[in-house]
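> Structure of the sequence below:
(2 chains)
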Amino acid sequence: MPTYYTEEHEWIAIEGDTATVGITDFAQGQLGDVVFVEVPESGAELVKGAEAAVVESVKAASDIYAPVSGSVTEGNEALVDDPALVNSSAEEEGWFFRMTLSDTQELEGLMNAKAYKAFCDSQ
Amino acid sequence: MDKALHGEALPHREPCVLSDTETETEIEVEAPALLPLDVWHRAKGARMVPFAGYEMPIQYDGIVAEHNWTRTAAGLFDVSHMGQLTVSGEGAVKALEALMPGDFSELSAGRMRYSLLLNADGGILDDLIVTHAGDHFALVVNGAMKWDDIAHLREFLPDEITLNHHADQALLALQGPEAARVLERIVPGTSALTFMTAATFDWDSTTLGVSRSGYTGEDGFELSLHTDAVERFANAILEDERVRPAGLGARDSLRLEAGLPLYGHDLSQSTDPVSAGLTFALSKARRERGGWMGHEAVAKVLSHGPAQKRIGLTLEGRQPAREGAQVFAGDTAVGQLTSGGHSPTLGYPIAMAYVDAAHTAIDTALEIEVRGKRLPARVTKMPIVPHRYFRGK
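Numbers count the residues shown, from 1 in each chain, chains lettered A, B, ... in the order given. Take a look at the predicted model:
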């Protein structure tokens, strides 16, 4: 299951034509205590770069943009009741939403784990 | 006291999850100054952000953890960015009373008062603590406002009054229910102070100005000492396992719960003391007698009642609303948030707002607009989380 990363600190795990999207552990560390998450509803059509979700930490509100285009199949309802999952398990239980990809070519140019680590180190 | 955090914890929306600090950096025109404890903060794992012209620790382990630790044990804050001024000379009382609405002639030595610097229109230039320190008055003003305050005081204090800025003094705040026991062990005698009193102590051959005051709603102390000694003193305090360092982030969430306004957000030149709910800072005698800058304008607001009032709000649900969000009663916009965020103590979002006076009764149902959605909210008493000051046994 390949996982891609964006410069906006999102991860995209691919399984067939389905992608699971979240923010990285590095990102949650920078955000601090997450107190609210709003995820898209299933059926929502996302265009790459458009606003897809909202995450609020004690410090600030941040938008999460769709890293790729597609149709949302599921938002992570667990985050509604327990937003701190983003802090404790950013890259597993703290996923934001799942979507079917409309254009797998959009994955090209995203980073792999190694490139993303180098990117974070350079920040 | 102290009002930290200008330019930080703002309600900005960012295109990327990590860009909140970048915006702050761009706001800074000059390179920020370093605190006397700068290296110490970094060694403790602090994340530093530019604030009030300084690189300041916003957090160490995390804002919520530091907030909760301060409410249950003791947090150590570095507030050395604040301005520590002294005013002395014959006629100092009268000179200060001409610029502030406090009754300083009635303030006995060792006692402190919250007060306000006002402009001629009754607008708030800064809020501050004035201490009668025997042969002089000590003023502690907001870090972001200190240069403006000094200019204002220089302009309006008579020539025979001496104004000193003690830039070589650091200021720490030890806050929380364990603060008094911790400090008593290091500096015996300090636990006898009561809320809003101050005295000078000696610690390891260093003069220590100790006041029982703070900006968290908890019992605690503010501690002034020479920058040369502050690292040794901070280490001595932190040796006690009941104490952990706490940053500006926790300071902001603590003071919001405590209903304490933050200058530059909840107070400004366009707010007056009556609308701000700070009439307690207008001493009764001087409300009528006047003789302080801004009196005429403030007296008018007192007699007619303010158009808007600063209130506390609790929100339903989990989504925080931030400074700048509009407040609605039905379809009518009736006010605006000046502070807002998650309350770690309560577990839900809270806010401060200026709202039309007709909608400020406790329990009034209002709505706050966030991202095009209306969040239900309710006017609540302030402090939102009760104060636990030590007023004596």
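
> mind listing the helices for chain B?
With DSSP state H, the ranges of helices along chain B come out as B:20-27, B:38-43, B:63-72, B:92-97, B:146-156, B:179-186, B:227-238, B:248-257, B:284-289, B:295-304.

> next one: chain A
Using DSSP H, helices in chain A cover A:25-31, A:78-81, A:85-88, A:113-121.

> Contact residues of the stretch 151-300 of chain B facing chain A?
Selection of the stretch 151-300 of chain B residues close to chain A by C-beta under 8 Å from any C-beta of the partner chain yields B:249, B:253. Where C-beta positions appear, they are placed from N, C-alpha and C, glycine not excepted.

> Chain B is nearest to which of the helices of chain A?
Closest to chain B of the helices of chain A is helix A:25-31 (C-beta to the nearest C-beta; 4.9 Å).

> Buried residues in that closest one, which are they?
A:25-28, A:30-31 (16 or more other C-beta atoms under 10 Å in any protein chain shown).

> Pipe the residues you listed into JSON lines and attach pLDDT and distance to chain B per row.
Formatted as JSON lines, the buried residues of helix A:25-31 follow (pLDDT from 0 to 100; distance: C-beta to the nearest C-beta, whole Å):
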{"residue": "A:Asp25", "pLDDT": "96", "distance to chain B": "12"}
{"residue": "A:Phe26", "pLDDT": "95", "distance to chain B": "8"}
{"residue": "A:Ala27", "pLDDT": "95", "distance to chain B": "5"}
{"residue": "A:Gln28", "pLDDT": "95", "distance to chain B": "9"}
{"residue": "A:Gln30", "pLDDT": "91", "distance to chain B": "5"}
{"residue": "A:Leu31", "pLDDT": "93", "distance to chain B": "6"}
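
> center of chain A - which residue?
Residue closest to the mean C-alpha point of chain A, counted by C-alpha atoms, centre = their mean, is A:Gly22 at 2.4 Å.

> The nearest residue to that one once chain neighbours are set aside: neighbouring residues, count only.
The shortest distance from A:Gly22 to any non-neighbouring residue, by C-beta to C-beta, 6 or more residues apart in numbering or on different chains, is to A:Trp95 (4.2 Å). By other C-beta atoms under 10 Å in any protein chain shown, 23 other residues sit near A:Trp95.

> could you measure A:Trp95 against chain B, distance?
15 Å (C-beta to the nearest C-beta, to the nearest Å).

> which residues does B:Ile350 form a beta bridge with?
With DSSP bridges as the criterion, B:Ile350 is bridged to B:Thr314, B:Gly341.

> Run through the residues that contact it.
B:256-257, B:312-315, B:340-343, B:380, B:384 (C-beta atoms under 8 Å, 6 or more residues apart in numbering or on different chains).

> Next: A:Phe96.
The contact partners of A:Phe96, by C-beta under 8 Å, 6+ apart, come to A:21-23, A:37, A:39, A:52-53, A:64, A:75-76, A:79.

> Mind doing that once more with 6 Å?
With contact taken as C-beta atoms under 6 Å, 6 or more residues apart in numbering or on different chains, A:Phe96 is in contact with A:21-22, A:39, A:53, A:76.

> So which residues of chain A form strands?
Using DSSP state E, the strands of chain A run over A:3-5, A:10-15, A:18-23, A:34-38, A:45-46, A:51-57, A:61-65, A:70-75, A:97-101.

> nearest to B:Glu323, of those?
Closest of those to B:Glu323 is strand A:61-65, at 11.1 Å (criterion: C-beta to C-beta).

> Against which helices or strands is the closest one packed?
strand A:51-57 (3 or more C-beta pairs under 6 Å, 6 or more residues apart in numbering or on different chains; DSSP states H and E).

> What average pLDDT does the strand it packs on get?
Regarding strand A:51-57, the rounded mean pLDDT is 95.
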